[in-house]
Each structure stands twice: as C-alpha cells, then as structure tokens.
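**Student:** Generate a structure from the sequence data that follows.
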Amino acid sequence: MRLKKPRIYPLPDDAIGDDIRSQLGSQFEGQHVLNVFRTLGKSLKAYRRFMGWGGYILSSDNDLSPRDRELVILRTGYNWQSGYEWAQHARIGSACGLSDEEIQRIKAGPQATGWSHRDRALLNATDNLTNDAFISDTNWAALSDFSEKQRMDLVMTVGQYTQVSMMLNSFGVQLDPGYTLDPDLDDR
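**Tutor:** Residues are numbered from 1 along each chain as shown. Coordinates of the predicted model:
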C-alpha cells in the first residue's frame, strides 16, 4: 500500500444512503460496502458515472472472457503497485478461473515461463499500455487470436483499472476487513 492511512476517509455506515447502495447491484446486497465505494461515494455524481463504466468492464458486454479480463486487471493493478486493487481482484481472478500459481506468476509478467501464447499476448499488451499508453505493432499482431472488439475491450479494461489504481493509491483507500496485503505490494 502506498499510504498507511486514507487521505480521503470513506463514508461511515450512517452516511451510505440508498443513492449509493442502488448503484452497487445485487451482488452486494446485505454485504459490507467496500472502502472503494465508500470513498468514491463522497463525490456522488462521479461515483454514479464510475459505476456505470466499471459495470460495463466487469459485465458480459466486455468480450474478454472473465479469466482474460482478470489477468489484465491484475497485471494493471500490479504494474501501478495498487495493493487494494490486487487484494480485491486476486479473489475475483481465482473465482474466474485463474489458479493461485497463475495469480502469483502475473507479478513476474509476460516473460515468466508457463504462459500460453494468448496469456502472454494479453500481458505484453497490458505492459505496453501501462508503460507507454500504446500497444506496439508487434504486440498488437500477437493479439491476432482476439477479435477487434476484444482488443478494444482490452484497451478499455486497462484504461479503467489504471484510473481505479490511481484513485486507490492517491486517495489512500485501505484494505477492507478480511483482505490481506500482498507482501510484494507493501511499500510501508
């Protein structure tokens, strides 16, 4: 984690109204509202739009498979050293078919042994985007197994989670109860 405490403190329970809960969706009914949403809820108009776009990225409208999407999100979060993002999406990635070994290997990047051609292509493209905001011609060609829409969704997913990582890191969003900081992302 970049910061030991929040710069922007999350909303307390008594400040979370129906306007915030209604944007969360049914998967969060009856659950603790995550610190990322509690923090973004302090800017309600931005929160609403953020939830709409983030909802697209995490939905079946995104043509990347859930596994591919989580591979890309985890690499993006790791590249931006976002401990919160990594902790959240390590669990989601596991639920979407990434093995524990693959999740750990994401940190080593596309050069690590054991990746399929498709996984390596996604990781290389993600690294290009988080380093240069551009996928090289070589790495674009390596994405030939992916449709045009999937390539677009890849760029949009990395862009969304770059923004998320910037917010989490800069606002100092702390881990939610029950989550553990990956030791490779502990800057303390």
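**Student:** buried residues in the longest helix along the chain?
**Tutor:** Using DSSP state H to define each element, the chain has its longest helix at helix 148-171. Residues of helix 148-171 classed as buried: 150-151, 153-155, 157-162, 164-165, 167-169, 171 (neighbour count, 16 or more other CB atoms under 10 Å). C-beta coordinates here come from the backbone N, C-alpha and C atoms, glycine included.
**Student:** who touches it?
**Tutor:** Applying CB atoms under 8 Å, 6 or more residues apart in numbering, the contact partners of helix 148-171 are 2-3, 6-8, 36, 39-40, 53-54, 57, 62-64, 68-69, 72-73, 76-77, 80-82, 84-85, 122, 125-126, 129-130, 135, 140, 143, 146, 173.
**Student:** If any of those are buried, give me the PyMOL selection for them.
**Tutor:** Those of those that count as buried under 16+ other CB under 10 Å are selected in PyMOL with:
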select buried, resi 2+3+36+39+40+54+57+62+63+64+68+69+72+73+76+77+80+81+82+84+85+122+125+126+129+130+135+140+143+146+173
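**Student:** Give me the residues contacting the least confident helix or strand in the chain by mean pLDDT.
**Tutor:** Of all helical and strand segments in the chain, the minimum by mean pLDDT, DSSP states H and E falls on helix 18-24, at a mean of 76. Contact with helix 18-24 is made by 11, 28, 33, 37, 41, 44, 47-48, 51, as judged by CB under 8 Å, 6+ apart.
**Student:** hmm, 10 Å instead?
**Tutor:** For helix 18-24, the external contacting residues (CB atoms under 10 Å, 6 or more residues apart in numbering) are 11, 16, 28-29, 31, 33-34, 37-38, 40-42, 44, 47-52, 54-55.
**Student:** starting at the chain centroid, how far to the very next helix or strand once past that helix?
**Tutor:** Counting by DSSP states H and E, the next helix or strand C-terminal to helix 18-24 is helix 35-40. Centroid separation between helix 35-40 and its chain, computed with CA atoms, centre = their mean, to the nearest Å, is 14 Å.
**Student:** So what angle separates the directions of the next helix or strand along the chain from helix 35-40 and helix 148-171?
**Tutor:** Per DSSP H and E, the first helix or strand lying C-terminal to helix 35-40 is helix 44-57. Angle between the axes of helix 44-57 and helix 148-171 is 140 degrees (criterion: axes from the mean of the first three to the mean of the last three CA atoms, to 10 degrees).
**Student:** list the helices and strands helix 44-57 packs on?
**Tutor:** Under the contact definition 3 or more CB pairs under 10 Å, 6 or more residues apart in numbering; DSSP states H and E, helix 44-57 sits against helix 18-24, helix 35-40, helix 66-79, helix 148-171.
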